[in-house]
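**Student:** below is the sequence, then the predicted model.
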Amino acid sequence: MEAEKKGREKVCVTGAAGFIASWFVELLLSKGYIVHGTVRDPSTHEKNAHLWSLDKAPENLKLFKADLLDYDSLRSAIEGCSGVFHAASPVIISPVPDPELEVIEPAVKGTSNVLKASLEAKVKRVVYVSSLAAVGMNPNLPKGQVIDETCRSDEDYCRKMEKWYCLSKTLAEKEAFGFAEGNGIDVVTVCPSLTLGPLLQPTVNASSKILVDVMKGVHDPVPNRIRNIGDARDVAAAIVLAYEKPEAKGRYICTGYPIKMLDLVNKLRSLYPGYSYPTTFTDIEENVVISTRKLQGLGWTARPLEETLVDSVESFRRIGIL
Ligand SMILES: NC(=O)c1ccc[n+]([C@@H]2O[C@H](COP(=O)([O-])OP(=O)(O)OC[C@H]3O[C@@H](n4cnc5c(N)ncnc54)[C@H](OP(=O)(O)O)[C@@H]3O)[C@@H](O)[C@H]2O)c1
């Protein structure tokens, strides 16, 4: 009955071929939704083939060519949909020559375009995939404070530290809530931490590359900081809960487990000996606790970290990057 009801519901996913979005496209299709996915180039077989091989994709998936800065292209994809999942955004963590053009504008203007098109299409709810980067990049958070949905990254600090990705996600989330307030559209955001897990897409994305680099010892010495790791399949579940639960409201932090880099390397080495792991770890004073209580209140749970690591590494081996 529930599946049948969802079977009639059309939703749009922006950036559908990306790492995390591919997992919630898979979940949405499995629940019987009709999915309008936006991609920048629907004609590239290698980039999108993994979407077409998902169960129910041939009958229930339609890909639209859309760029975040092209309002009309987004409007065509969103038209007729009752829900929108906005995941497309430049995930560029390394320095770029023009951060405004390459990172900030597509994230912020793109979010505003998606919301405008959603308003025009009378969409019931927009779920925006924000980030922990929009939550915790703030030097003024009191030491030892539990990081929850009330915390926000400091725009000036992001600028000063040249953390352009963090700035882009902070500004885009602010844009989303500002637009929602001004126009009466229902927006819920999910703020995932560093997300790993098996790849559906054929190439490695930025967050997965962090794990690949650890196993290849690309950086050595490594600051022994805490990494809060989530699984893309659990992020997908959180995003769909944020859409389906009528009581969902505001922001939801989504993370699995905190682990110090040294402990992560030791765990990986015990599971997968024989890689060139880093050998030197520099001390970092950190006392960060991140709360997922609000998300758990929607019925969300995280799978064990070991499952995430093993499934990630196995998928890296499958595509030949490890
Ligand atoms: N992975 C993480 O650790 C993590 C953590 C927190 C939040 N997030 C958020 O989750 C979302 C998905 O990230 P991901 O890790 O899955 O990264 P990803 O695989 O790089 O996906 C990003 C997607 O955005 C699309 N995109 C970028 N610029 C665009 C533009 N100008 N117009 C249209 N599409 C554009 C890309 O399309 P193309 O395929 O055409 O390049 C890609 O499909 C992002 O909003 C990211 O900020 C990720």
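**Tutor:** Thanks, I have the structure now. Numbers count the residues shown, from 1 in each chain.
**Student:** switch to C-alpha atoms for all contacts and neighbour counts from now on
**Tutor:** Fine.
**Student:** so who does residue 26 touch?
**Tutor:** Shown in contact with residue 26 (Cα atoms under 8 Å, 6 or more residues apart in numbering): 51, 54-55.
**Student:** any idea which element it lies in?
**Tutor:** If you go by DSSP states H and E, residue 26 is part of helix 19-30.
**Student:** so the helix or strand hosting residue 259, near the ligand or not?
**Tutor:** Using DSSP H and E, residue 259 sits within strand 257-260. No. Applying Cα under 6 Å from any ligand atom, one finds strand 257-260 separated from the ligand by no less than 13.3 Å.
**Student:** mean confidence for the helix or strand that comes right after that strand?
**Tutor:** Remark: after strand 257-260, the chain's next helix or strand is helix 261-271, criterion DSSP H and E. The average pLDDT for helix 261-271 rounds to 98.
**Student:** ok, back up a step: sort out for me which of the contacts of residue 26 are in helices.
**Tutor:** Using DSSP state H, the subset of the contacts of residue 26 located in helices is residue 51.
**Student:** hmm, which of the contacts of residue 26 are the buried ones?
**Tutor:** 51, 54 (16 or more other Cα atoms under 10 Å).
**Student:** residues of the stretch 151-300 of the chain that sit close to the ligand?
**Tutor:** So the stretch 151-300 of the chain meets the ligand at 192-195, 205, 207 (Cα under 6 Å from any ligand atom).
**Student:** if we use 8 Å, what do you get?
**Tutor:** 165, 169, 191-196, 204-208, 230, 232 (Cα under 8 Å from any ligand atom).
**Student:** can you check the stretch 1-150 of the chain too?
**Tutor:** Within the stretch 1-150 of the chain, the positions lying close to the ligand (Cα under 8 Å from any ligand atom) are 14-22, 38-41, 47, 66-69, 86-92, 103, 106-107, 110, 128-133.
**Student:** buried subset of those residues as a PyMOL selection?
**Tutor:** Selection of buried members from these for PyMOL, criterion 16+ other Cα under 10 Å:
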select buried, resi 14+15+16+17+18+19+20+21+22+38+39+40+47+66+67+68+69+86+87+88+89+90+91+92+103+106+107+110+128+129+130+131+132+133
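**Student:** from the residues of the stretch 1-150 of the chain next to the ligand, which land in strands?
**Tutor:** 14, 38-39, 86, 128-129 (DSSP state E).
**Student:** can I get these in CSV with pLDDT?
**Tutor:** As requested, those are exported to CSV (pLDDT from 0 to 100):
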residue, pLDDT
14, 98
38, 98
39, 98
86, 99
128, 98
129, 99
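**Student:** what's the closest of those residues to residue 61?
**Tutor:** residue 38 (10.5 Å; Cα to Cα).
**Student:** Throw the contacts of residue 26 into CSV and include pLDDT, thanks.
**Tutor:** Formatted as CSV, the contacts of residue 26 follow (pLDDT from 0 to 100):
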residue, pLDDT
51, 98
54, 98
55, 98
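**Student:** contacting residues for residue 257?
**Tutor:** 228-230, 305.
**Student:** dihedrals phi and psi, the closest residue to residue 103 other than its chain neighbours?
**Tutor:** Spatially, and ignoring its direct neighbours in sequence, residue 103 is nearest to residue 90 (5.6 Å; Cα to Cα, 6 or more residues apart in numbering). When read as degrees, to the nearest 10, the backbone of residue 90 gives phi -70, psi 120.
**Student:** swap in residue 294?
**Tutor:** Dihedral angles (degrees, to the nearest 10) for residue 294: phi -60, psi -40.
**Student:** tell me the helices in the stretch 201-322 of the chain, going along the chain?
**Tutor:** 206-215, 232-244, 261-271, 293-296, 305-318 (DSSP state H, counting those that start in this stretch).
**Student:** tell me the most buried of those?
**Tutor:** Among those, ranked by average contacts under mean count of other Cα atoms under 10 Å, first place goes to helix 232-244 (a mean of 23).
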